[in-house]
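Q: fold the following.
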Amino acid sequence: MELIKNTLNIDFMGQRRIWFFISGSLVLLSLLSFIIKGFNYGVDFTGGTEIQVKVLTDKKINVGEIRDALGTIKLAQSMVQEFGDTNPGNDFLIRLDNKAKTVDLSEKDILLKIKTMLPSARSFAFKAADDAYITFAESQDVSHIKEGINSLSIQGFEVETVTQFGKKAENAYVIKFSGIAKKIAAALEEKFGKDKVEILRVEEVGPKVGKELREKGLYALFITFLLIMIYVAFRFDFKFAPGAVLCLVHDTVITAGIFSLFQIEFTLTIVAALLTIIGYSINDTIVVYDRIRENMTKFKYKNLAEISNLSINQTLSRTILTSLTVMFVTLVLFFFGGRMIRDFALAFTIGVVVGTYSSIYVASALTITIDNLKKRPVEQQR
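A: Numbers count the residues shown, from 1 in each chain. The predicted structure follows:
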């Protein structure tokens, strides 16, 4: 199947300054968005608790009603969004950050109350909605800590377990409260009726883990760029490698920039999508580069810009057909794949569009520019 005749002769490289201006503007806009707006990181990166609940009723429930129910346990400020596409689905995603707690008291006030029963208590700090750290001046029996805190009868502050943490000499303990998911379920059942609420999923990520995941996500992208540069330099010529990698950086930055600009939640799924985009984009670029290399041996009298134009025109049908077939799949996933895969499909759809554009207009243009910069000092010496 040939969508576009390979005899087409569009002067892509003759307009490369225009493509550089467009790409540069998009990359600059993305970088400004990174600085000004940042990313709307999900629980994967920020830490916290994510709970998916389902209200088992034929009546359509709105987000406001869920917030009202959460307000009874001091969680009205939690992020709540509808989840799923069935009508009425009544599935909701509730996100709690690491500072969320079901008690009005501050950490200082809680410590003062604990000291009335356990005088040697030195510090108290929430770790997450379900956990807290507590230290003592001297070693304590875990059952004594549990009984002492529960005897305070602080609403929303019921201790389930106490375990020692760190070195024994530090006298540090982790307090595990009765599950936040159970409290949320109880609050929702009080509003919508007994046995009308189902907890479908609970995910907890600590702040240190979230930070580590962010760092490893960036590390994975960097290693991918480095390995691709080495591969392209080995497979073709070193003058092709910088253009290929800069093209991939271009695709990644613009795709991530759209997520930053519109504050779409940025999760590990999006990192996976970015890595997939890199793989897809380099595949398209390699096809063009391979044709350039073939034509360089056939048309030795032509310069690199002319050969690049010829090669892009010859592979244009293949590039567009491949991109269209991939986009059909990603769009189907976006509209019919469900909420769990929608963000991945969105990121990949954007990446396909940007990657196709860069493979046609940017990759070869960068290679020509880099090649011209390398030749210029030699010409000046002459």
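
Q: just checking, residue 246 touches residue 366?
A: Yes: between residue 246 and residue 366 there is a contact under Cβ atoms under 8 Å: 5.4 Å. For every residue, glycine as well, the C-beta is placed using N, CA and C.

Q: would you map the helices across the stretch 201-350 of the chain?
A: 207-235, 241-261, 268-298, 304-336, 339-357 (DSSP state H, counting those that start in this stretch).

Q: using CSV, lay out those together with distance to residue 106.
A: Listed next are the helices of the stretch 201-350 of the chain as CSV, based on distance: least, Cβ to Cβ, whole Å:
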stretch, distance to residue 106
helix 207-235, 19
helix 241-261, 33
helix 268-298, 33
helix 304-336, 44
helix 339-357, 36
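
Q: least reliable of these going by mean pLDDT?
A: Lowest mean pLDDT of those: helix 207-235, a mean of 78.

Q: name the residues contacting each of residue 246 and residue 366.
A: Shared contacts of residue 246 and residue 366 (Cβ atoms under 8 Å, 6 or more residues apart in numbering): none.

Q: pLDDT on the helix or strand residue 370 falls within, on average?
A: Residue 370 belongs to helix 363-381 when assigned by DSSP states H and E. Averaging pLDDT along helix 363-381 gives 71.

Q: swap in stretch 126-141?
A: 81.

Q: does residue 352 touch residue 323 like I think?
A: Yes: using Cβ under 8 Å, residue 352 is in contact with residue 323, at 5.6 Å.

Q: looking at those two, which is more packed in?
A: Neighbours were counted for residue 352 and for residue 323 using other Cβ atoms under 10 Å; residue 352 has more, 26 against 19.

Q: what's the separation between the more buried one and residue 160?
A: Per Cβ to Cβ, to the nearest Å, residue 352 is found 48 Å from residue 160.

Q: domain parsing for this structure?
A: The chain is divided into the following domains under automatic domain parsing: 13-42+207-376, 48-97+181-204, 107-179.

Q: would you mind finding the most buried of the helices of the stretch 201-350 of the chain?
A: Mean neighbours per residue, mean count of other Cβ atoms under 10 Å, is largest over the helices of the stretch 201-350 of the chain for helix 241-261, with a mean of 22.

Q: how long is stretch 81-94 end to end?
A: Terminal residues of stretch 81-94 are spaced 7 Å apart (Cα to Cα, to the nearest Å).

Q: correction: the previous question concerned stretch 228-244.
A: Separation of the first and last residues of stretch 228-244 by Cα to Cα is 8 Å.

Q: renumber starting at 752 from here on
A: Noted, 752 is the first residue going forward, which turns the last one into stretch 979-995.

Q: which residues sit against it?
A: Residues from elsewhere that reach stretch 979-995, judged by Cβ under 8 Å, 6+ apart: 996, 999, 1029, 1033, 1036-1037, 1040-1041, 1044, 1114-1118, 1120-1122, 1125.

Q: and if we set it to 6 Å?
A: The contact list for stretch 979-995, computed with Cβ atoms under 6 Å, 6 or more residues apart in numbering, reads 996, 1033, 1036, 1040, 1044, 1114, 1117-1118, 1121-1122.

Q: shaky segments in the stretch 802-951 of the chain?
A: For the stretch 802-951 of the chain, the stretches with pLDDT under 70 are 835-840, 849-855, 879-881, 906-907, 929-930.

Q: please enumerate the helices of it.
A: 814-822, 858-868, 893-901, 931-943.

Q: residue 784: which of the ones you listed is closest?
A: Residue 784 sits nearest to helix 814-822 of all the helices of the stretch 802-951 of the chain, at 26.8 Å, using Cβ to Cβ.

Q: tell me the most buried of the helices of the stretch 802-951 of the chain?
A: Mean neighbours per residue, mean count of other Cβ under 10 Å, is largest over the helices of the stretch 802-951 of the chain for helix 931-943, with a mean of 19.

Q: what is it packed up against?
A: Other elements packing on helix 931-943 under the criterion 3 or more Cβ pairs under 6 Å, 6 or more residues apart in numbering; DSSP states H and E are helix 814-822, strand 948-956.

Q: what about dumping the CA coordinates of it to PDB?
A: The C-alpha trace of helix 931-943 is given here as PDB (Å, rounded to 0.1, in the frame of the first residue of the first chain):
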ATOM      1  CA  ILE A 931      -7.900   5.100  56.600                       C
ATOM      2  CA  ALA A 932      -9.800   3.100  54.000                       C
ATOM      3  CA  LYS A 933     -12.000   1.600  56.700                       C
ATOM      4  CA  LYS A 934     -12.800   5.100  58.000                       C
ATOM      5  CA  ILE A 935     -13.600   6.300  54.600                       C
ATOM      6  CA  ALA A 936     -15.900   3.300  53.900                       C
ATOM      7  CA  ALA A 937     -17.600   3.900  57.300                       C
ATOM      8  CA  ALA A 938     -18.200   7.500  56.500                       C
ATOM      9  CA  LEU A 939     -19.600   6.800  53.000                       C
ATOM     10  CA  GLU A 940     -21.800   4.000  54.400                       C
ATOM     11  CA  GLU A 941     -23.200   6.400  57.000                       C
ATOM     12  CA  LYS A 942     -24.300   8.700  54.100                       C
ATOM     13  CA  PHE A 943     -25.300   6.200  51.400                       C
END
